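Novice: dropping a prediction and its sequence here:
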Amino acid sequence: MMGAGLLWVGWFGFNAGSTVQSGLDTARALTMTQVSAASGALTWMLIEAFAFRKVTSLGFVSGILAGLVVITPAAGVVQPGGAMVMGALSSGICYLALNIKMKIGYDDSLDCFGIHGVGSGLGVLLLSFFIRDSWMTAARQNIAGWNCWDQLLVQLKGMGVTVALAVVATFLICVVVEKTVGFRIDEQSELEGLDKSLHSENGYGLIFPESR
């Protein structure tokens, strides 16, 4: 919870700071970040309340993250209503993504792809439908008839290039790591935890009672 709080505050820094100024756009980005994170946290808590009849701190934190990542590409261009909807949708879809992970069983430490990947990709696309009217008006002055679907196409192209770059670069990094130091440790060392097996430190071990 402490880490989530620090992350939440830190998120204001790079969302609002990405405007590279101190003005109205900065205030907008900061406010939308707060609104989306709060909406995401509330939505995840409601989902858990209906699904399990209880609310967990991990779910609360997951909702915060879902709201933060979805608004990051859109913080400076959407209004509060859009930020609320985006935060809520991100929580719901990220929750489904984590359930799919549990069924498929793919390795995703800290649910990085399930929340950060899915949520941020969702934000890139959803902003097309919640862009401020002033932004769309300015776009139409350059290209007549410009609408949200035209913007969505631009967002899809940008996300496609980003995903392609990430996939290729990650594959190359994995190959280099595997050929040098090795990509994974053996199963026993993994169960013991890297703190114990690699660094001789007791922390979060699963098979050493004294480390808990």
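Specialist: The structure has been received and is ready for your questions.

Novice: my reading is that Asp107 lies in a helix. Confirm?
Specialist: No - going by DSSP: H, G, I helix; E, B strand; the rest coil, the assignment for Asp107 is coil, not a helix.

Novice: sketch out the low-pLDDT regions of this protein for me.
Specialist: Low-confidence segments of the chain (pLDDT under 70): 203-212.

Novice: so where's the longest helix in it?
Specialist: Ranked by number of residues, the top helix in the chain under DSSP state H is helix 148-180.

Novice: just the buried positions in the helix or strand hosting Gly121, please.
Specialist: With secondary structure defined by DSSP states H and E, Gly121 is part of helix 118-130. Residues of helix 118-130 classed as buried: Val118, Gly119, Ser120, Gly121, Leu122, Gly123, Val124, Leu125, Leu126, Leu127, Ser128, Phe130 (neighbour count, 16 or more other Cβ atoms under 10 Å). No exception for glycine: its C-beta is placed from N, CA and C like everyone else's.

Novice: which among the residues you listed gets closest to Pro80?
Specialist: For the buried residues of helix 118-130, the residue nearest Pro80 by Cβ to Cβ is Phe130; the value is 10.1 Å.

Novice: quick revisit: got a list of contacts for the helix holding Gly121?
Specialist: Helix 118-130 has contacts (Cβ atoms under 8 Å, 6 or more residues apart in numbering) with 65-66, 69-74, 77-79, 81-83, 85-86, 89-90, 93-94, 97, 148-149, 151-152, 155-156, 158-159, 163.

Novice: what's the angle from it to helix 148-180?
Specialist: Inter-element angle recorded for helix 118-130 and helix 148-180: 160 degrees (by axes from the mean of the first three to the mean of the last three Cα atoms, to 10 degrees).

Novice: how far off centre is helix 118-130?
Specialist: 11 Å (Cα atoms, centre = their mean, to the nearest Å).
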